[in-house]
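Undergrad: Quick one: sequence plus predicted model below, questions after.
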Amino acid sequence: MDLLQASAVSKRYGGIAALSGAEFHAAAGEVHALLGENGAGKSTFIQILAGAVRPDEGMINFDGAPFRAANPSAAQAAGISAVFQELSLIPDLTVEQNIWFRHEWRSPLRMIRRKALREKTLELFARYAFPAIAPDQEVRRLTLADRQVVEIAKALARDPKVLILDEATSSLAPRETEWLLGLATRFAGEGRLVIYISHRLQEVRQVAKRVTVFRNGQTVAAHDTASVSDDEIITEMLGRRMERLYPERRDTATAKLALKVRGLSAGSRLRDVDFDLREGEVLGVGGLQGHGQRELFQALFGIGKSRGSIELWGREMTARGPRQALTGRDGIALVPEDRRGQGLLLSKSVRENLTLAVIPRFSSGGILSARREKALVAEMMTFLRIKAKTPDQVAGTLSGGNQQKVVFGKMLLTEARVLLLFDPTRGVDVGTKGEIFTLMRDLAAKGYAILFYSSDQPELVHVADRVAVMQNGRMAAILEGAGISEDGILRAAMIEKH
Ligand SMILES: Nc1ncnc2c1ncn2[C@@H]1O[C@H](COP(=O)(O)OP(=O)(O)OP(=O)(O)O)[C@@H](O)[C@H]1O
Ligand SMILES: [Mg+2]
(Lines give C-alpha, C1' and ligand atoms only; values in the text may rest on other atoms or scores of the structure.)
(Ligands and ions follow the chains in the order given, each with its own letter.)
Protein backbone atom coordinates (compact mmCIF):
# COMPACT_ATOMS: atom_id res chain seq x y z
CA MET A 1 0.00 0.00 0.00
CA ASP A 2 1.10 3.52 -0.69
CA LEU A 3 2.56 5.44 2.20
CA LEU A 4 1.59 8.71 0.59
CA GLN A 5 -1.26 9.51 -1.78
CA ALA A 6 -2.15 12.95 -3.00
CA SER A 7 -5.00 13.61 -5.36
CA ALA A 8 -6.43 16.64 -7.13
CA VAL A 9 -4.05 19.05 -5.39
CA SER A 10 -4.42 22.64 -6.59
CA LYS A 11 -2.81 25.89 -5.60
CA ARG A 12 -3.18 29.34 -7.11
CA TYR A 13 -1.21 32.49 -6.41
CA GLY A 14 -3.35 35.35 -7.60
CA GLY A 15 -3.72 34.70 -11.29
CA ILE A 16 -1.01 32.03 -11.36
CA ALA A 17 -1.93 28.35 -11.15
CA ALA A 18 1.07 26.69 -9.54
CA LEU A 19 -0.74 23.33 -9.29
CA SER A 20 -3.95 22.26 -11.00
CA GLY A 21 -5.11 18.88 -9.86
CA ALA A 22 -1.77 17.16 -9.31
CA GLU A 23 -1.67 13.46 -8.42
CA PHE A 24 1.09 11.67 -6.58
CA HIS A 25 1.46 8.18 -5.11
CA ALA A 26 4.51 6.76 -3.43
CA ALA A 27 5.23 3.67 -1.39
CA ALA A 28 7.43 3.14 1.64
CA GLY A 29 10.85 1.78 0.80
CA GLU A 30 11.33 3.72 -2.41
CA VAL A 31 13.19 6.72 -3.64
CA HIS A 32 10.64 8.49 -5.77
CA ALA A 33 11.78 11.21 -8.15
CA LEU A 34 9.57 14.19 -8.93
CA LEU A 35 10.49 15.73 -12.27
CA GLY A 36 9.31 18.66 -14.35
CA GLU A 37 10.57 21.76 -16.05
CA ASN A 38 11.14 25.03 -14.22
CA GLY A 39 7.88 26.30 -12.81
CA ALA A 40 6.04 22.97 -13.19
CA GLY A 41 4.93 23.06 -9.56
CA LYS A 42 7.36 20.62 -7.92
CA SER A 43 8.43 22.88 -5.08
CA THR A 44 4.88 24.06 -4.49
CA PHE A 45 3.76 20.45 -4.19
CA ILE A 46 6.40 19.43 -1.69
CA GLN A 47 5.86 22.65 0.27
CA ILE A 48 2.26 21.53 0.66
CA LEU A 49 3.35 18.08 1.86
CA ALA A 50 5.79 19.66 4.29
CA GLY A 51 3.26 22.10 5.73
CA ALA A 52 4.89 25.26 4.36
CA VAL A 53 2.09 26.07 1.90
CA ARG A 54 -1.64 25.40 2.13
CA PRO A 55 -3.37 23.91 -0.87
CA ASP A 56 -6.59 25.40 -2.21
CA GLU A 57 -7.93 21.95 -2.95
CA GLY A 58 -6.88 18.33 -2.75
CA MET A 59 -6.72 15.26 -0.58
CA ILE A 60 -3.60 13.89 0.98
CA ASN A 61 -3.38 10.53 2.67
CA PHE A 62 -0.34 9.68 4.73
CA ASP A 63 0.23 6.41 6.56
CA GLY A 64 -3.38 5.37 6.09
CA ALA A 65 -5.04 8.54 7.33
CA PRO A 66 -6.03 11.93 5.89
CA PHE A 67 -3.21 14.38 6.33
CA ARG A 68 -2.97 18.13 6.37
CA ALA A 69 -0.14 19.92 8.16
CA ALA A 70 -0.74 23.47 9.35
CA ASN A 71 2.97 24.29 9.38
CA PRO A 72 6.37 22.64 8.91
CA SER A 73 6.68 21.74 12.58
CA ALA A 74 3.39 19.88 12.43
CA ALA A 75 4.52 18.04 9.29
CA GLN A 76 7.78 17.11 10.98
CA ALA A 77 5.99 15.89 14.06
CA ALA A 78 3.90 13.68 11.80
CA GLY A 79 7.04 12.33 10.10
CA ILE A 80 7.54 14.46 6.97
CA SER A 81 10.75 16.51 6.74
CA ALA A 82 11.90 18.55 3.78
CA VAL A 83 15.08 20.14 2.55
CA PHE A 84 13.68 23.07 0.64
CA GLN A 85 15.18 24.41 -2.55
CA GLU A 86 16.11 27.73 -1.00
CA LEU A 87 18.20 27.48 2.12
CA SER A 88 16.57 28.31 5.42
CA LEU A 89 19.40 28.33 7.96
CA ILE A 90 20.02 31.19 10.35
CA PRO A 91 23.52 32.52 9.58
CA ASP A 92 24.25 33.79 13.08
CA LEU A 93 23.61 30.48 14.77
CA THR A 94 26.01 27.57 14.82
CA VAL A 95 25.63 24.38 12.83
CA GLU A 96 24.23 22.44 15.79
CA GLN A 97 21.93 25.25 16.88
CA ASN A 98 20.47 25.31 13.42
CA ILE A 99 20.05 21.56 13.28
CA TRP A 100 18.17 21.39 16.55
CA PHE A 101 16.48 24.76 16.26
CA ARG A 102 12.99 24.71 17.77
CA HIS A 103 13.36 21.24 19.10
CA GLU A 104 12.66 20.76 22.72
CA TRP A 105 15.94 21.19 24.45
CA ARG A 106 14.88 22.09 27.92
CA SER A 107 17.52 21.31 30.42
CA PRO A 108 17.81 23.77 33.28
CA LEU A 109 21.59 23.56 33.07
CA ARG A 110 23.09 25.14 29.99
CA MET A 111 26.28 23.16 30.18
CA ILE A 112 24.49 19.83 30.21
CA ARG A 113 22.25 20.98 27.44
CA ARG A 114 25.17 22.01 25.34
CA LYS A 115 26.97 18.75 25.90
CA ALA A 116 23.90 16.74 25.04
CA LEU A 117 23.40 18.84 21.94
CA ARG A 118 26.93 18.12 20.79
CA GLU A 119 26.55 14.41 21.41
CA LYS A 120 23.32 14.26 19.49
CA THR A 121 24.87 16.17 16.59
CA LEU A 122 27.88 13.89 16.37
CA GLU A 123 25.64 10.87 16.63
CA LEU A 124 23.54 12.09 13.73
CA PHE A 125 26.63 12.88 11.65
CA ALA A 126 28.08 9.45 12.36
CA ARG A 127 24.85 7.61 11.64
CA TYR A 128 24.68 8.99 8.12
CA ALA A 129 28.43 9.36 7.54
CA PHE A 130 28.19 13.11 7.06
CA PRO A 131 31.05 15.05 5.46
CA ALA A 132 33.16 16.69 8.15
CA ILE A 133 31.66 19.94 9.42
CA ALA A 134 32.40 21.40 12.84
CA PRO A 135 29.19 21.51 14.89
CA ASP A 136 30.18 24.76 16.61
CA GLN A 137 30.96 26.62 13.39
CA GLU A 138 28.75 29.60 12.63
CA VAL A 139 26.67 28.94 9.55
CA ARG A 140 27.61 32.28 8.01
CA ARG A 141 31.16 30.97 7.61
CA LEU A 142 30.14 27.89 5.65
CA THR A 143 30.21 27.47 1.88
CA LEU A 144 26.95 27.01 0.04
CA ALA A 145 27.66 23.29 -0.25
CA ASP A 146 28.24 22.89 3.49
CA ARG A 147 25.09 24.83 4.24
CA GLN A 148 23.24 22.42 2.07
CA VAL A 149 24.69 19.53 4.05
CA VAL A 150 23.55 21.16 7.29
CA GLU A 151 20.04 21.53 5.86
CA ILE A 152 20.06 17.81 5.23
CA ALA A 153 21.16 17.14 8.80
CA LYS A 154 18.39 19.38 10.03
CA ALA A 155 15.79 17.46 8.05
CA LEU A 156 17.08 14.13 9.35
CA ALA A 157 17.28 15.28 12.95
CA ARG A 158 13.64 14.46 13.55
CA ASP A 159 14.00 10.92 12.25
CA PRO A 160 11.27 11.32 9.63
CA LYS A 161 9.36 8.67 7.71
CA VAL A 162 9.43 10.79 4.59
CA LEU A 163 12.48 12.78 3.56
CA ILE A 164 11.95 15.32 0.79
CA LEU A 165 14.99 16.61 -1.08
CA ASP A 166 14.26 19.57 -3.38
CA GLU A 167 17.30 19.94 -5.62
CA ALA A 168 19.53 19.18 -2.69
CA THR A 169 22.44 18.19 -4.92
CA SER A 170 22.42 21.32 -7.05
CA SER A 171 25.13 22.99 -5.00
CA LEU A 172 27.00 19.84 -3.99
CA ALA A 173 30.26 18.59 -5.46
CA PRO A 174 30.37 15.12 -7.03
CA ARG A 175 31.68 13.52 -3.86
CA GLU A 176 28.95 14.92 -1.62
CA THR A 177 26.40 14.11 -4.30
CA GLU A 178 27.47 10.47 -4.16
CA TRP A 179 27.17 10.59 -0.41
CA LEU A 180 23.65 11.98 -0.58
CA LEU A 181 22.55 9.45 -3.17
CA GLY A 182 23.87 6.71 -0.89
CA LEU A 183 22.06 8.24 2.05
CA ALA A 184 18.79 8.35 0.11
CA THR A 185 19.14 4.72 -0.92
CA ARG A 186 19.85 3.63 2.61
CA PHE A 187 17.06 5.71 4.07
CA ALA A 188 14.57 4.17 1.67
CA GLY A 189 16.02 0.73 2.38
CA GLU A 190 14.94 1.18 5.99
CA GLY A 191 11.33 1.13 4.80
CA ARG A 192 10.97 4.87 4.55
CA LEU A 193 10.25 7.16 1.60
CA VAL A 194 12.46 9.69 -0.15
CA ILE A 195 10.93 12.20 -2.55
CA TYR A 196 13.74 13.36 -4.75
CA ILE A 197 13.61 16.44 -6.98
CA SER A 198 16.46 17.05 -9.40
CA HIS A 199 17.13 18.33 -12.90
CA ARG A 200 19.94 15.80 -13.30
CA LEU A 201 18.54 12.69 -14.91
CA GLN A 202 21.73 10.79 -14.34
CA GLU A 203 21.22 11.07 -10.58
CA VAL A 204 17.58 10.19 -10.88
CA ARG A 205 18.45 7.01 -12.73
CA GLN A 206 21.03 6.13 -10.15
CA VAL A 207 18.80 6.55 -7.14
CA ALA A 208 15.08 6.50 -7.97
CA LYS A 209 12.95 3.42 -8.40
CA ARG A 210 9.98 5.46 -9.57
CA VAL A 211 9.43 8.81 -11.24
CA THR A 212 6.45 11.10 -11.42
CA VAL A 213 6.48 13.87 -14.02
CA PHE A 214 4.72 17.20 -13.58
CA ARG A 215 3.97 19.65 -16.34
CA ASN A 216 2.18 22.96 -15.83
CA GLY A 217 0.92 21.98 -12.41
CA GLN A 218 -0.45 18.62 -13.50
CA THR A 219 0.76 15.06 -13.36
CA VAL A 220 1.53 13.80 -16.84
CA ALA A 221 3.05 10.41 -16.04
CA ALA A 222 4.38 8.03 -13.41
CA HIS A 223 6.75 5.18 -14.25
CA ASP A 224 9.24 2.69 -12.97
CA THR A 225 12.49 4.45 -13.78
CA ALA A 226 13.94 1.36 -15.42
CA SER A 227 11.09 1.15 -17.89
CA VAL A 228 11.46 4.61 -19.51
CA SER A 229 14.21 6.27 -21.49
CA ASP A 230 15.62 9.73 -20.79
CA ASP A 231 14.14 10.90 -24.07
CA GLU A 232 10.66 9.80 -23.03
CA ILE A 233 10.97 11.52 -19.67
CA ILE A 234 12.27 14.72 -21.25
CA THR A 235 9.46 14.74 -23.79
CA GLU A 236 6.93 14.32 -20.99
CA MET A 237 8.53 17.13 -19.02
CA LEU A 238 8.76 19.62 -21.83
CA GLY A 239 5.72 18.60 -23.84
CA ARG A 240 7.96 18.49 -26.91
CA ARG A 241 10.99 16.59 -28.08
CA MET A 242 14.41 17.98 -27.37
CA GLU A 243 16.95 17.54 -30.14
CA ARG A 244 20.11 17.52 -28.14
CA LEU A 245 21.50 18.80 -24.88
CA TYR A 246 25.00 19.72 -25.98
CA PRO A 247 25.64 21.80 -29.07
CA GLU A 248 28.15 20.77 -31.67
CA ARG A 249 31.71 21.69 -30.89
CA ARG A 250 33.05 24.53 -33.01
CA ASP A 251 36.45 26.06 -32.72
CA THR A 252 35.80 29.79 -32.74
CA ALA A 253 38.73 30.99 -30.64
CA THR A 254 40.92 33.67 -32.21
CA ALA A 255 44.42 34.67 -31.22
CA LYS A 256 43.19 37.84 -29.54
CA LEU A 257 43.32 37.87 -25.75
CA ALA A 258 40.17 38.84 -23.92
CA LEU A 259 41.68 38.19 -20.51
CA LYS A 260 45.32 37.86 -19.59
CA VAL A 261 45.76 36.91 -15.97
CA ARG A 262 49.14 36.73 -14.27
CA GLY A 263 49.99 35.98 -10.66
CA LEU A 264 46.45 36.42 -9.45
CA SER A 265 46.21 35.69 -5.73
CA ALA A 266 43.58 36.26 -3.08
CA GLY A 267 44.28 35.31 0.52
CA SER A 268 45.33 31.67 0.79
CA ARG A 269 42.50 30.43 -1.42
CA LEU A 270 43.80 31.65 -4.76
CA ARG A 271 47.50 31.38 -5.40
CA ASP A 272 49.46 32.76 -8.26
CA VAL A 273 47.10 31.91 -11.06
CA ASP A 274 48.13 32.49 -14.69
CA PHE A 275 45.91 31.94 -17.69
CA ASP A 276 44.71 33.42 -20.96
CA LEU A 277 41.16 33.54 -22.20
CA ARG A 278 40.84 34.21 -25.90
CA GLU A 279 38.17 35.90 -27.92
CA GLY A 280 35.68 33.28 -29.09
CA GLU A 281 36.70 30.75 -26.48
CA VAL A 282 34.83 28.90 -23.75
CA LEU A 283 37.32 28.10 -21.03
CA GLY A 284 36.03 25.64 -18.46
CA VAL A 285 37.13 25.72 -14.84
CA GLY A 286 37.07 22.40 -13.00
CA GLY A 287 38.58 20.56 -10.10
CA LEU A 288 37.29 19.43 -6.76
CA GLN A 289 34.95 21.91 -5.21
CA GLY A 290 36.44 24.55 -2.93
CA HIS A 291 39.87 24.65 -4.58
CA GLY A 292 39.76 28.33 -5.46
CA GLN A 293 37.21 28.40 -8.28
CA ARG A 294 34.86 30.69 -6.39
CA GLU A 295 37.71 33.00 -5.39
CA LEU A 296 38.95 33.13 -8.98
CA PHE A 297 35.60 34.33 -10.27
CA GLN A 298 35.27 36.85 -7.48
CA ALA A 299 38.75 38.23 -7.95
CA LEU A 300 38.18 38.61 -11.70
CA PHE A 301 34.99 40.47 -11.04
CA GLY A 302 36.59 42.71 -8.46
CA ILE A 303 34.93 41.33 -5.36
CA GLY A 304 37.21 41.32 -2.32
CA LYS A 305 40.94 41.88 -2.19
CA SER A 306 43.29 40.38 -4.71
CA ARG A 307 46.83 40.82 -6.04
CA GLY A 308 48.27 40.27 -9.47
CA SER A 309 47.59 41.48 -12.96
CA ILE A 310 44.38 41.24 -14.96
CA GLU A 311 44.34 42.56 -18.50
CA LEU A 312 40.94 42.94 -20.12
CA TRP A 313 41.17 43.32 -23.91
CA GLY A 314 44.75 44.44 -23.50
CA ARG A 315 44.09 47.00 -20.82
CA GLU A 316 45.17 46.56 -17.23
CA MET A 317 42.05 46.62 -15.08
CA THR A 318 42.43 49.34 -12.57
CA ALA A 319 38.86 49.81 -11.58
CA ARG A 320 38.38 46.89 -9.27
CA GLY A 321 34.85 46.61 -8.02
CA PRO A 322 31.75 45.07 -9.52
CA ARG A 323 30.06 48.27 -10.56
CA GLN A 324 32.88 49.53 -12.72
CA ALA A 325 33.43 46.08 -14.06
CA LEU A 326 29.98 45.96 -15.57
CA THR A 327 29.81 48.71 -18.12
CA GLY A 328 29.63 48.27 -21.86
CA ARG A 329 30.89 45.94 -24.52
CA ASP A 330 34.42 46.01 -23.22
CA GLY A 331 33.23 45.12 -19.75
CA ILE A 332 32.96 41.93 -17.80
CA ALA A 333 29.81 40.35 -16.42
CA LEU A 334 29.21 37.70 -13.80
CA VAL A 335 26.61 35.06 -13.08
CA PRO A 336 27.31 34.62 -9.37
CA GLU A 337 27.10 31.46 -7.32
CA ASP A 338 24.49 32.70 -4.90
CA ARG A 339 21.64 33.98 -7.01
CA ARG A 340 19.47 34.95 -4.07
CA GLY A 341 22.25 36.75 -2.25
CA GLN A 342 24.15 38.42 -5.08
CA GLY A 343 22.29 37.94 -8.30
CA LEU A 344 18.76 39.08 -7.62
CA LEU A 345 16.70 41.64 -5.80
CA LEU A 346 13.96 39.32 -4.63
CA SER A 347 11.40 42.00 -3.89
CA LYS A 348 11.82 43.68 -7.28
CA SER A 349 10.10 42.69 -10.48
CA VAL A 350 11.55 40.52 -13.21
CA ARG A 351 11.78 43.62 -15.42
CA GLU A 352 13.64 45.66 -12.83
CA ASN A 353 16.06 42.83 -12.15
CA LEU A 354 16.79 42.32 -15.81
CA THR A 355 17.51 45.96 -16.51
CA LEU A 356 19.07 47.05 -13.24
CA ALA A 357 22.62 46.76 -14.47
CA VAL A 358 21.96 48.42 -17.81
CA ILE A 359 19.75 51.39 -17.03
CA PRO A 360 22.12 53.80 -18.78
CA ARG A 361 21.52 51.96 -22.05
CA PHE A 362 17.86 52.82 -21.99
CA SER A 363 18.17 56.48 -21.22
CA SER A 364 18.52 59.06 -23.90
CA GLY A 365 19.35 62.40 -22.35
CA GLY A 366 18.56 60.96 -18.96
CA ILE A 367 15.08 59.81 -19.82
CA LEU A 368 14.51 56.11 -19.76
CA SER A 369 13.15 54.83 -23.00
CA ALA A 370 10.35 52.75 -21.59
CA ARG A 371 9.50 51.28 -24.94
CA ARG A 372 12.97 50.00 -25.62
CA GLU A 373 13.24 48.60 -22.15
CA LYS A 374 9.92 46.81 -22.52
CA ALA A 375 10.86 45.31 -25.85
CA LEU A 376 14.22 44.00 -24.63
CA VAL A 377 12.73 42.58 -21.47
CA ALA A 378 10.03 40.80 -23.46
CA GLU A 379 12.61 39.44 -25.86
CA MET A 380 14.80 38.13 -23.08
CA MET A 381 11.86 36.53 -21.28
CA THR A 382 10.79 34.73 -24.42
CA PHE A 383 14.29 33.70 -25.34
CA LEU A 384 15.09 32.17 -21.96
CA ARG A 385 11.50 30.96 -21.46
CA ILE A 386 11.29 32.78 -18.16
CA LYS A 387 8.04 31.61 -16.67
CA ALA A 388 6.43 34.68 -15.15
CA LYS A 389 2.87 35.86 -15.45
CA THR A 390 4.01 39.34 -16.47
CA PRO A 391 7.36 41.19 -16.42
CA ASP A 392 6.08 42.81 -13.23
CA GLN A 393 5.93 39.56 -11.27
CA VAL A 394 8.16 39.85 -8.21
CA ALA A 395 11.37 37.84 -8.69
CA GLY A 396 11.10 36.19 -5.27
CA THR A 397 7.88 34.46 -6.35
CA LEU A 398 9.41 32.79 -9.41
CA SER A 399 10.37 29.14 -9.23
CA GLY A 400 14.04 28.51 -8.44
CA GLY A 401 15.09 27.74 -11.99
CA ASN A 402 13.29 30.76 -13.34
CA GLN A 403 15.14 32.96 -10.87
CA GLN A 404 18.37 31.56 -12.25
CA LYS A 405 17.23 32.43 -15.76
CA VAL A 406 16.63 36.03 -14.71
CA VAL A 407 20.18 36.24 -13.38
CA PHE A 408 21.45 34.90 -16.68
CA GLY A 409 19.30 37.33 -18.68
CA LYS A 410 20.48 40.25 -16.59
CA MET A 411 24.06 39.39 -17.41
CA LEU A 412 23.33 39.06 -21.12
CA LEU A 413 21.68 42.46 -21.25
CA THR A 414 24.85 44.15 -20.05
CA GLU A 415 26.37 43.31 -23.46
CA ALA A 416 29.71 42.73 -21.79
CA ARG A 417 31.73 40.37 -23.96
CA VAL A 418 33.73 38.72 -21.22
CA LEU A 419 31.37 36.47 -19.29
CA LEU A 420 32.12 34.83 -16.00
CA LEU A 421 29.59 32.05 -15.56
CA PHE A 422 29.67 30.39 -12.17
CA ASP A 423 27.44 27.35 -12.39
CA PRO A 424 24.96 29.13 -14.67
CA THR A 425 22.69 26.11 -15.13
CA ARG A 426 22.23 25.30 -11.48
CA GLY A 427 18.59 24.40 -10.93
CA VAL A 428 17.76 24.99 -14.59
CA ASP A 429 15.64 22.36 -16.37
CA VAL A 430 17.09 20.22 -19.10
CA GLY A 431 15.34 22.06 -21.94
CA THR A 432 16.68 25.43 -20.94
CA LYS A 433 20.09 23.98 -20.15
CA GLY A 434 20.40 22.94 -23.77
CA GLU A 435 19.43 26.43 -24.86
CA ILE A 436 21.98 28.02 -22.54
CA PHE A 437 24.78 25.84 -23.93
CA THR A 438 23.79 26.63 -27.50
CA LEU A 439 23.70 30.29 -26.59
CA MET A 440 27.17 30.09 -25.03
CA ARG A 441 28.55 28.60 -28.24
CA ASP A 442 26.77 31.22 -30.35
CA LEU A 443 28.13 34.03 -28.21
CA ALA A 444 31.62 32.59 -28.49
CA ALA A 445 31.22 32.54 -32.25
CA LYS A 446 30.33 36.23 -32.06
CA GLY A 447 33.58 37.00 -30.28
CA TYR A 448 32.55 36.72 -26.69
CA ALA A 449 34.99 35.12 -24.25
CA ILE A 450 33.53 32.87 -21.60
CA LEU A 451 34.92 31.52 -18.36
CA PHE A 452 32.68 28.68 -17.28
CA TYR A 453 32.58 26.87 -13.98
CA SER A 454 30.17 24.01 -13.51
CA SER A 455 29.57 21.66 -10.60
CA ASP A 456 28.35 19.19 -13.21
CA GLN A 457 31.49 17.70 -14.79
CA PRO A 458 29.87 16.45 -18.04
CA GLU A 459 28.91 20.05 -18.85
CA LEU A 460 32.56 21.06 -18.80
CA VAL A 461 33.54 18.12 -20.93
CA HIS A 462 30.91 18.79 -23.57
CA VAL A 463 30.82 22.57 -23.70
CA ALA A 464 34.30 23.93 -22.97
CA ASP A 465 37.13 24.29 -25.51
CA ARG A 466 39.73 23.88 -22.79
CA VAL A 467 39.37 23.03 -19.12
CA ALA A 468 41.53 24.59 -16.43
CA VAL A 469 41.70 22.27 -13.42
CA MET A 470 42.23 23.92 -10.07
CA GLN A 471 43.89 22.40 -7.05
CA ASN A 472 44.63 24.16 -3.77
CA GLY A 473 44.10 27.57 -5.26
CA ARG A 474 46.40 26.95 -8.21
CA MET A 475 45.84 25.91 -11.74
CA ALA A 476 47.10 22.35 -11.77
CA ALA A 477 46.56 21.72 -15.48
CA ILE A 478 44.85 23.01 -18.56
CA LEU A 479 43.28 20.20 -20.58
CA GLU A 480 42.70 20.48 -24.30
CA GLY A 481 41.18 18.48 -27.12
CA ALA A 482 41.15 14.76 -26.48
CA GLY A 483 42.61 15.39 -23.03
CA ILE A 484 39.26 16.69 -21.84
CA SER A 485 37.30 13.99 -20.06
CA GLU A 486 35.69 13.54 -16.68
CA ASP A 487 38.46 11.17 -15.83
CA GLY A 488 41.12 13.60 -17.01
CA ILE A 489 39.66 16.39 -14.90
CA LEU A 490 39.55 14.19 -11.85
CA ARG A 491 43.11 12.97 -12.35
CA ALA A 492 44.46 16.48 -12.79
CA ALA A 493 42.61 17.55 -9.67
CA MET A 494 44.17 14.80 -7.56
CA ILE A 495 47.79 14.78 -8.75
CA GLU A 496 50.19 15.73 -6.02
CA LYS A 497 52.07 18.93 -6.79
CA HIS A 498 55.24 19.94 -5.08
N1 LIG B 1 4.47 33.04 -3.77
C2 LIG B 1 4.20 32.94 -5.08
N3 LIG B 1 3.57 33.94 -5.75
C4 LIG B 1 3.29 33.84 -7.05
N5 LIG B 1 3.62 32.79 -7.81
C6 LIG B 1 4.24 31.75 -7.23
C7 LIG B 1 4.59 31.78 -5.84
N8 LIG B 1 5.22 30.63 -5.55
C9 LIG B 1 5.27 29.92 -6.71
N10 LIG B 1 4.68 30.60 -7.70
C11 LIG B 1 4.54 30.17 -9.11
O12 LIG B 1 4.09 28.84 -9.15
C13 LIG B 1 4.67 28.14 -10.25
C14 LIG B 1 5.28 26.85 -9.79
O15 LIG B 1 6.47 27.14 -9.04
P16 LIG B 1 7.35 26.03 -8.34
O17 LIG B 1 8.34 26.75 -7.51
O18 LIG B 1 6.49 25.04 -7.66
O19 LIG B 1 8.06 25.35 -9.61
P20 LIG B 1 9.19 24.21 -9.66
O21 LIG B 1 8.61 23.06 -10.42
O22 LIG B 1 9.69 23.92 -8.30
O23 LIG B 1 10.29 24.85 -10.59
P24 LIG B 1 11.94 24.87 -10.48
O25 LIG B 1 12.40 23.64 -11.20
O26 LIG B 1 12.33 26.08 -11.23
O27 LIG B 1 12.31 24.91 -9.04
C28 LIG B 1 5.65 29.11 -10.91
O29 LIG B 1 5.04 29.68 -12.03
C30 LIG B 1 5.87 30.18 -9.84
O31 LIG B 1 6.15 31.44 -10.40
MG1 LIG C 1 11.48 24.26 -7.40
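TA: Received, thanks. Since the model is a prediction, treat every value here as computed from it, not as a measurement. Ligands and ions are numbered 1, 2, ... in the order given.

Undergrad: confidence score at the residue of the stretch 351-498 of the chain at minimum distance from ligand 2?
TA: For the stretch 351-498 of the chain and ligand 2, the shortest gap (CB to the ion) falls at Gly400, measuring 4.4 Å. From N, CA and C alone the C-beta is placed, and that goes for glycine too. pLDDT for Gly400: 87.

Undergrad: Next, count neighbours for it.
TA: With neighbours defined by other CB atoms under 10 Å, the count for Gly400 comes to 23.

Undergrad: if I look at the residue nearest to Gly447 when sequence neighbours are not counted, how far off is ligand 2?
TA: Counting by CB to CB, 6 or more residues apart in numbering, Glu279 is the residue found nearest to Gly447 once chain neighbours are left out, at 5.2 Å. Separation of Glu279 from ligand 2 (CB to the ion, to the nearest Å): 37 Å.

Undergrad: Now the phi/psi pair for Glu279, please.
TA: phi -60, psi 130 (degrees, to the nearest 10).

Undergrad: Please list all residues in contact with the residue of the stretch 351-498 of the chain closest to ligand 2.
TA: Asn38, Ser43, Gln85, Glu86, Glu167, Gly427 (CB atoms under 8 Å, 6 or more residues apart in numbering).

Undergrad: try Ala74
TA: Neighbours of Ala74 in contact, by CB under 8 Å, 6+ apart: Gly51.

Undergrad: Ligand 2 contacts on the stretch 351-498 of the chain?
TA: Ser399, Gly400 (CB under 5 Å from the ion).

Undergrad: hey, where'd the helices end up in the stretch 351-498 of the chain?
TA: 359-362, 370-383, 400-413, 430-445, 457-463, 486-494 (DSSP state H, counting those that start in this stretch).

Undergrad: Check the gap between the residue lying closest to Ala27 once chain neighbours are set aside and Glu236 for me.
TA: Closest residue to Ala27 apart from its sequence neighbours, by CB to CB, 6+ apart: Asp2 at 5.2 Å. Separation of Asp2 from Glu236 (CB to CB, to the nearest Å) stands at 21 Å.

Undergrad: just Ser455 next, same as before
TA: On the measure of CB to CB, Ser455 and Glu236 end up 26 Å apart.

Undergrad: related to what we said a few turns ago, just the contacts of Gly400 that are near ligand 1?
TA: Among the contacts of Gly400, the ones lying near ligand 1 by CB under 6 Å from any ligand atom are Asn38, Ser43, Gln85.

Undergrad: Which residue would be the closest one in the chain to ligand 2?
TA: Ser43 (3.1 Å).

Undergrad: Let me see the contact set for that residue.
TA: Phe84, Gln85, Asp166, Ile197, Ser399, Gly400.

Undergrad: how does it look with 10 Å?
TA: 18, 34, 36, 52-53, 82, 84-86, 164, 166-167, 197, 399-401 (CB atoms under 10 Å, 6 or more residues apart in numbering).

Undergrad: In the stretch 201-350 of the chain, mark out all the helices, start to finish.
TA: Using DSSP H, counting those that start in this stretch, helices in the stretch 201-350 of the chain cover 201-207, 230-238, 293-301, 322-326, 350-355.

Undergrad: what do you get for the stretch 1-150 of the chain?
TA: Under DSSP H, counting those that start in this stretch, the stretch 1-150 of the chain gives helices at 42-49, 72-78, 95-99, 110-127, 144-156.

Undergrad: And these, which one averages the lowest pLDDT?
TA: Among the helices of the stretch 1-150 of the chain, helix 110-127 has the lowest mean pLDDT, at a mean of 84.

Undergrad: Quick one: list the elements packing against that one.
TA: helix 95-99, helix 144-156 (3 or more CB pairs under 10 Å, 6 or more residues apart in numbering; DSSP states H and E).

Undergrad: Let me know the angle separating it from helix 144-156.
TA: Between helix 110-127 and helix 144-156, the angle comes out at 100 degrees (axes from the mean of the first three to the mean of the last three CA atoms, to 10 degrees).

Undergrad: how deep is the residue nearest to Ala27 tucked in, by neighbour count?
TA: Other residues close to Asp2 by other CB under 10 Å number 16.
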